[in-house]
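Enquirer: need a 3D model of the sequence below.
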Amino acid sequence: DRYGGDRQMDGLYLRSLEGFIAVVTSDGDMIFLSENISKFMGLTQVELTGHSIFDFTHPCDHDEIRENLSLKSGLGKKGRELSTERDFFMRMKCTVTNRGRTVNLKSASWKVLHCTGHLKVYSSCPPHTCP
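Expert: Numbers count the residues shown, from 1 in each chain. This next block holds a predicted model:
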């Protein structure tokens, strides 16, 4: 079936990706994280989904994160539209040690993440949820 094929492709993309996928609202709520986040950060999809990204990122990075979660007023590369491309670095709590062990959140270290993606703007609510 088509759904099974899509899930298989999603798995292939995640295995080939040297990272994980995160969907974050403009307020910083993490609404989707790929399952493989635990491989990189030690924290699980369940532990992070529904929480604020600001609870797990370095306070010195919060202004830059907020800026990247909002629509920039500058023009895009084509000069006609607002830029939705995002490319920045931030520090996030990591509970995986160099030896591969997991420590509790209070003992977590900071891991530098290179974040790339696009801002998706919805007029009022995402498609598939509007009546």
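
Enquirer: quick one: contacts for the closest residue to D61 other than its chain neighbours?
Expert: Distance criterion Cβ to Cβ, 6 or more residues apart in numbering; nearest residue to D61, sequence neighbours excluded, is M90 at 4.3 Å. Just so you know, the C-beta spots here come from the backbone N, C-alpha and C atoms, and that holds for glycine as well. Taking Cβ atoms under 8 Å, 6 or more residues apart in numbering, we find M90 in contact with T57, H58, D61, E64, I65, V112, L113, C115.

Enquirer: how about W110?
Expert: Per Cβ under 8 Å, 6+ apart, neighbours of W110: H58, R91, M92, K93, C94.

Enquirer: try it again with 7 Å
Expert: Listed by Cβ atoms under 7 Å, 6 or more residues apart in numbering, the contact set of W110 reads H58, R91, K93, C94.

Enquirer: quick one: the last one and A108 touch, right?
Expert: Read it as C94. Yes: if you go by Cβ atoms under 7 Å, C94 and A108 touch, sitting 5.8 Å apart.

Enquirer: quick one: the strands in this protein?
Expert: In the chain, the strands defined using DSSP state E lie at 22-24, 30-33, 85-94, 109-118.

Enquirer: buried ones in the third one?
Expert: Neighbour counts over strand 85-94 (16 or more other Cβ atoms under 10 Å) mark M90, R91, M92, K93, C94 as buried.

Enquirer: tell me where the model's unsure across this protein.
Expert: 1-17, 72-81, 123-131 (pLDDT under 70).

Enquirer: just want the most central residue of it.
Expert: A22 (2.8 Å; Cα atoms, centre = their mean).

Enquirer: that one pairs with what?
Expert: Beta bridges link A22 to L33, judged by DSSP bridges.
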